[in-house]
Structures are given as structure tokens and as C-alpha cells.
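Q: sequence first, predicted model second:
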Amino acid sequence: MTDDARTLVVAVILGEPVPKGRPRLGLGRVYTPRATRLAEEAIGWNLKLAMRGGPFLGDVRVALRFRETTRRADLDNLVKLVLDAANGVVWRDDRQVVALDAAFVDDGEPRTEVRVWIA
């Protein structure tokens, strides 16, 4: 796919991709692990800087590429973190994602590449 007027976001987040951590239970309450929360915030800010306007209201297609120094994370957990980070930034809710293409890549520095198009 190429960049065109239907492209909403193209972003590259440098650094080791972070998988979505499972909620934890501590002191009688459920909480999101700190690494997950910080990674979601960082990706959210990167997407906000790359986004044209506010959250899109229609259906979208998403392509994600992940480069890790060592393959340690499950692809679905990496995807979940990015989709959750984009909620309220790129789209209102990740149920608007109607097509998803995600893969590991073997070239270059550790990073997460995000591309979002209008479906």
C-alpha cells in the first residue's frame, strides 16, 4: 500500500517494541503493569504527533511492523499494545479496525512501524 489522501498516520516509534502486559492484582485492586502503561503513553504521543486531526470516526486498515533485537514477544501482544495506545488518538475505539496486517521484520534498529488508512 502506498501513502495517499486516505492515509491517516505513518509513524515509526524507535526502541524495543513492548508487548501488552496482563493486568495484575495487588493490594486488592487490578492495575496495568508500569512498562505497559509507559509504552502505551509513548506510542500514543508519537501517534498524536503524526496524526492529521483528531480521532477518525470511520473504519480503518492498519499495518504494523515490529523489529526486536531478540524475538521474545508474542505478535498478538505487541499488536494489542499499539491498538490500545491508538484509542482516542487515531480512532475512537479499536473496533473500527476492519483490516490488520502485522509482522516481524529483520532489518534495522528496534522499532515499531504504524500505518493507518481509511478503509
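A: Sure thing, it's come through. All values reported here derive from a predicted model rather than from experimental measurement.
Q: all contacts plus neighbour counts: C-alpha atoms, from now on.
A: Noted.
Q: in this structure, what secondary structure element scores lowest on mean pLDDT?
A: Lowest by mean pLDDT, DSSP states H and E among the helices and strands of the chain is strand 24-26, with a mean of 73.
Q: neighbouring contacts of that strand?
A: 30-33 (C-alpha atoms under 8 Å, 6 or more residues apart in numbering).
Q: tabulate those residues (TSV), appending neighbour count and distance to N77.
A: Output for the contacts of strand 24-26, formatted as TSV (neighbours: other C-alpha atoms under 10 Å; distance: C-alpha to C-alpha, whole Å):
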residue	neighbour count	distance to N77
V30	10	19
Y31	13	17
T32	14	14
P33	14	14
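Q: wait, D84 sits on D94?
A: Yes. Using C-alpha atoms under 8 Å, D84 makes contact with D94 at a distance of 6.9 Å.
Q: which strand or helix spans the closest residue to R52 other than its chain neighbours?
A: Closest residue to R52 apart from its sequence neighbours, by C-alpha to C-alpha, 6 or more residues apart in numbering: L8 at 6.3 Å. Here L8 sits within strand 7-14, counting by DSSP states H and E.
Q: how far away is the closest residue to F56 other than its chain neighbours from T69?
A: Excluding the flanking residues, the one nearest F56 by C-alpha to C-alpha, 6+ apart is W91, at 4.6 Å. Shown here: W91 relative to T69, a distance of 30 Å by C-alpha to C-alpha, to the nearest Å.
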